[in-house]
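Chemist: Quick check, what structure comes out for this input:
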Amino acid sequence: MSTTFTRLQLATRIHFTLLRTLGEGIDVARMLRQRHYAEEVASVCRSLSDYALHELADRFEDATAAEDIKIHMEVAARETRAALAQIPRRAPVAQQELAWSQDTSGFGLSRPLPALDSVPARSSRFSPSNWLGIGRDRQDSTAP
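Modeler: Predicted coordinates for the structure are as follows:
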């Protein structure tokens with residue numbers, strides 16, 4: 001149910017309850033349009049000893065707050081859509097020719113790396129055990 005319809009129902013119920021309690025009603029359309037008038041009606045409802053009027057005033061104010069939030073969200077969504085419409089769209093990326101795309105891996109290499117089997121074995125001089133000086137004594141003693 002929309003908040004506007006809920007507010008209309010609540011304002012109408014306030015009108016008839018005040019009419020029954022005080023013998024005088026309110027202007028329902030004015031209560032829906034003017035926040036100041038709605039606040040005055042709510043204060044009159046709270047000043048009376050009728051609990052139903054207190055509850056109706058609270059529910060009307062809650063429905064008004066919910067409608068305000070909904071309106072602000074709609075305005076923000078409209079502004080966001082308008083701002084997004086102002087952003088220039090990127091041109092579509094041109095498709096690469098098939099011959100060119102076969103010549104690259106996509107990482108800046110013009111041909112594939114050699115297989116691990118074809119990589120020459122490194123000498124023991126560059127092994128990780130020599131990085132910290134481990135085994136250096138053995139190499140020095142075997143060196144010509």
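Chemist: now what about the helix or strand containing Thr4, what contacts it?
Modeler: For Thr4, the host element (DSSP states H and E) is helix 3-22. Contact partners of helix 3-22, identified using C-beta atoms under 8 Å, 6 or more residues apart in numbering, comprise 24-26, 28, 31-32, 38, 41, 44-45, 48, 50, 52-53, 56-57, 59-60, 63-64, 66-67, 70. Glycine gets a C-beta too; all of them are placed from N, C-alpha and C.
Chemist: mind running it again at 10 Å?
Modeler: Defining contact as C-beta atoms under 10 Å, 6 or more residues apart in numbering, one finds that helix 3-22 is touched by 1-2, 24-32, 38, 41-42, 44-45, 48-50, 52-53, 55-71.
Chemist: For the protein, which segments are assigned as helices?
Modeler: Along the chain, the stretches classed as helices by DSSP state H are 3-22, 28-33, 35-47, 51-86, 98-102, 136-142.
Chemist: surely Arg35 meets Phe60?
Modeler: No - here Arg35 lies out of contact with Phe60, judged by C-beta atoms under 10 Å, at a distance of 11.2 Å.
Chemist: Neighbour count for the two, which is higher?
Modeler: Neighbour count, other C-beta atoms under 10 Å: between Arg35 and Phe60, Phe60 has more, with 23 against 11.
Chemist: State the distance from the more buried one to Glu74.
Modeler: Distance of Phe60 to Glu74, given as C-beta to C-beta, to the nearest Å: 21 Å.
Chemist: and if you look at Ala66?
Modeler: Distance check for Ala66 against Glu74: by C-beta to C-beta, it reads 13 Å.
Chemist: neighbour count winner among these two?
Modeler: Between Ala66 and Glu74, counted using other C-beta under 10 Å, the more crowded position is Ala66 (13 against 10).
Chemist: Lovely, talk soon.
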